[in-house]
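A.B. asks: whatever this is, show me its structure:
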Amino acid sequence: MARSVAIYSPLGELQFSQKAVALFIAAIDAMGRYSIPSGELSIALLDDGTMAAMHGKFLSDPTPTDVITFPGNPAERFAGEICIAVGYAARSAKEHGVPLGDEIALYLVHGWLHLAGLDDATEEGAALMRSAEKELLDHARMRDLIPNFRL
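C.D. replies: Residues are numbered from 1 along each chain as shown. I've put the predicted structure just below:
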């Protein structure tokens, strides 16, 4: 049974296919390598100001950030929420010469891996996170499932 994915974005200029995002999540889920709790996954695609405010409120750091992950409650069939700063992603994509969809896919995978229990706070954890990100992105890319996000 496919995981339910709820996508929220108040950004009218951001164009993407909700179906493509759900297929991307389904591919990562089906891989089974890094499992997140069962239940609905929430994805919020937000502006940088909202993300900075959330970063300050929930992590005591009011600086801009790329992705914030909130764990869910499997007892309530809620896997968690991945919040992404779209402006941050756009600047980073331009800086690295990659499509916006690739950068947002990286942030989705990063958030997914946090929900799966990976932590990149240490050097060893960060190395494991980078390796896992590459593995999941390669899996989706080989299946041509990286969502196309456009501003």
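
A.B. asks: could you report the pLDDT at the spatially most central residue of the chain?
C.D. replies: Centroid-nearest residue in the chain, with CA atoms, centre = their mean: residue 108, separated by 1.7 Å. Note for residue 108: predicted pLDDT of 98.

A.B. asks: now do the contacts for it.
C.D. replies: 21, 24-25, 43, 82, 84 (CB atoms under 8 Å, 6 or more residues apart in numbering). Just so you know, the C-beta spots here come from the backbone N, C-alpha and C atoms, and that holds for glycine as well.

A.B. asks: same thing but at 10 Å, please
C.D. replies: Residue 108 is in contact with 21, 24-25, 28, 41, 43, 45, 67, 82, 84, 136-137, 140, 146-147, counting by CB atoms under 10 Å, 6 or more residues apart in numbering.

A.B. asks: looking at these, spot the one nearest residue 73.
C.D. replies: residue 41 (12.7 Å; CB to CB).

A.B. asks: residue contacts, the nearest residue to residue 118 once chain neighbours are set aside?
C.D. replies: Nearest non-adjacent residue to residue 118, counting by CB to CB, 6 or more residues apart in numbering: residue 129, 5.4 Å away. Neighbour list for residue 129: 109-110, 113-114, 118-122 [criterion: CB under 10 Å, 6+ apart].

A.B. asks: any quick PyMOL command for the buried ones out of those residues?
C.D. replies: In PyMOL, this line selects whichever of the contacts of residue 129 come out buried by 16 or more other CB atoms under 10 Å:
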select buried, resi 109+110+113+114+118+120
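
A.B. asks: for the contacts of residue 129, give me TSV that also has secondary structure.
C.D. replies: As requested, these are arranged in TSV below (DSSP: H, G, I helix; E, B strand; the rest coil):
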residue	secondary structure
109	helix
110	helix
113	helix
114	helix
118	coil
119	coil
120	coil
121	coil
122	coil
